[in-house]
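A.B. asks: coordinates only, no sequence provided:
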């Protein structure tokens with residue numbers, strides 16, 4: 001037997017040995033070699049400089065493909081029924097998944113094979129499907145045998161009446177499939193196990209079904225992805241005996257914990273990215289590290305997506321030393337002024353921020369209903385020293401907020417006011433229609449907040465912001481975290497949804513500063529309402 005197939009399947013920090021718990025299963029070298037040869041002769045790559053080129057398997061990929069199809073049970077069916085591939089982004093798992101799905105559809109000898117791919121949303125699940133469609137387009141034999149229905153996100157293998165469908169994330173409509181192949185992409189985006197369990201239950205009638213789960217690292221905490229990872233680690237390490245489960249794990253968690261600065265090291269990048277230097281570009285990693293050094297909020301996203309290190313969903317954000325330095329000089333309120341208003345809930349903190357771009361100065365008025373000011377000792381102390389405003393009553397007194405804004409308008413050249421529409425409709429109508437204040441709706445989604453938040457962070461880091469060292473605002477600056485999306489967008493949030501640590505003043509400040517940055521020489525008509533996306 002070729003020594004290559006005797007080696008454990010590559011992983012980090014530990015490899016998986018398929019021979020250890022094989023039991024009565026037998027490895028057929030000729031089958032493994034044949035499948036790998038078919039793969040490289042039939043499938044092509046789809047992106048960038050590799051588009052249209054034959055899919056030459058890298059050693060780690062060849063190990064997976066060969067072992068997955070080369071091992072047989074005594075009755076001749078496939079040994080492995082589940083594959084868990086835990087690997088950072090950009091290592092070629094999309095094309096690998098596409099190849100697996102096509103073999104299950106058209107190369108597995110299964111009559112009426114039903115293959116399904118899914119993710120948290122249909123668009124994500126369609127990524128693998130589109131890669132497979134390109135492979136079919138580039139191969140004459142596959143093109144004749146497989147008919148693609150792109151509008152329906154499905155394809156049919158006509159010689160044996162098999163088909164592949166891309167599924168949405170709704171589980172209630174997935175009962176009844178007779179699943180031969182199931183591909184779950186980006187498992188870390190799945191919120192619960194209902195869809196997965198429903199589809200896996202559909203494999204029971206097949207002779208040799210295969211379930212493939214591929215993912216990068218999830219955030220910390222209990223999740224379907226982290227549950228699967230723990231099981232896969234157990235199989236890999238031998239603490240769980242499951243001869244029919246293949247765990248392939250490239251996991252940077254322990255190494256990152258032991259070596260806090262390792263994420264900057266090319267040696268670490270290579271350990272956890274098996275396609276490093278081929279599909280993963282070293283220059284890109286160096287650029288990302290430089291970005292992290294300039295913007296610390298990017299570090300956790302880099303670690304999770306590219307080094308498979310679990311990170312918290314909400315990540316601590318503003319550098320407190322840099323924030324403190326921005327308060328040393330005090331403010332200089334000169335020139336045009338822009339305002340941001342975040343009212344939050346009716347009985348909690350609200351904030352109005354003013355920003356003067358000419359002097360990069362920021363002033364934030366934080367207010368709380370007077371009847372609830374005793375919730376925290378700090379609130380009472382700050383109210384006594386005018387660092388926080390206690391408004392009359394048990395809920396926000398919007399008439400007071402309106403009076404405050406109109407008073408400030410008389411004192412400063414407020415050009416426009418950005419507002420979060422939550423709880424603000426009536427007040428904003430009065431400000432725009434009766435008081436003639438130009439207002440701008442500023443939605444607080446991850447897309448609309450992403451660039452303003454990054455610009456605000458950059459201004460703090462570079463000391464290009466001046467604030468008054470208001471202790472209430474300083475407290476909020478220390479509380480604020482960011483939620484990082486899959487595509488790197490950030491959204492400032494509280495540490496936890498029900499946390500008593502407030503961040504409204506920072507949100508209002510980001511809105512005001514973004515409004516100033518977005519302003520043009522074209523004057524907006526008085527009282528107009530536009531949407532800042």
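C.D. replies: Yes, it's here. Keep in mind that what you see is a predicted model, and the values were worked out from it rather than measured.

A.B. asks: and the closest residue to residue 317 other than its chain neighbours, how many neighbours?
C.D. replies: Nearest residue to residue 317, sequence neighbours excluded (CB to CB, 6 or more residues apart in numbering): residue 482, at 4.6 Å. All C-beta spots, glycine's among them, are computed from the backbone N, C-alpha and C. Residues lying near residue 482 (other CB atoms under 10 Å) number 25.

A.B. asks: quick check: pLDDT value at residue 482.
C.D. replies: pLDDT, residue 482: 89.

A.B. asks: try residue 196
C.D. replies: pLDDT, residue 196: 83.

A.B. asks: hang on, isn't residue 133 packed against residue 149?
C.D. replies: No. In this structure, residue 133 is not within contact of residue 149 by CB atoms under 8 Å, at 10.1 Å.

A.B. asks: joint contacts of those two?
C.D. replies: residue 155 (CB atoms under 8 Å, 6 or more residues apart in numbering).

A.B. asks: between the two, which one's more packed in?
C.D. replies: residue 133 (20 against 11).

A.B. asks: skip the chain neighbours and tell me the closest residue to that one.
C.D. replies: Here the residue nearest residue 133, using CB to CB, 6+ apart, is residue 148, at 5.3 Å.

A.B. asks: picking that back up, in a strand, the residue nearest to residue 317, correct?
C.D. replies: Yes. Counting by DSSP: H, G, I helix; E, B strand; the rest coil, residue 482 is located in a strand.

A.B. asks: beta partners of it?
C.D. replies: According to DSSP bridges, the residues that bridge with residue 482 are residue 315, residue 492.

A.B. asks: for it, give me its contacts.
C.D. replies: 297, 314, 315, 317, 453, 490, 491, 492, 493.

A.B. asks: what number of residues lie near the nearest residue to the second one once chain neighbours are set aside?
C.D. replies: Same thing as residue 314. Distance criterion CB to CB, 6+ apart; nearest residue to residue 314, sequence neighbours excluded, is residue 481 at 3.9 Å. Close neighbours of residue 481, defined as other CB under 10 Å, add up to 23.

A.B. asks: who touches residue 481 in this structure?
C.D. replies: By CB under 8 Å, 6+ apart, the contact set of residue 481 is 312, 314, 315, 316, 317, 492, 493, 494, 495.

A.B. asks: top of those residues by number of neighbours, please.
C.D. replies: Of the contacts of residue 481, with other CB under 10 Å as the count, residue 317 tops at 26 neighbours.

A.B. asks: next one: that residue relative to residue 363, how far apart?
C.D. replies: 21 Å (CB to CB, to the nearest Å).

A.B. asks: ok, now residue 255?
C.D. replies: Distance, residue 255 to residue 363, using CB to CB: 45 Å.

A.B. asks: want to throw the contacts of residue 481 into a markdown table with distance to residue 122?
C.D. replies: Output for the contacts of residue 481, formatted as a markdown table (distance: CB to CB, whole Å):
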| residue | distance to residue 122 |
| --- | --- |
| 312 | 28 |
| 314 | 27 |
| 315 | 28 |
| 316 | 34 |
| 317 | 32 |
| 492 | 29 |
| 493 | 27 |
| 494 | 31 |
| 495 | 32 |
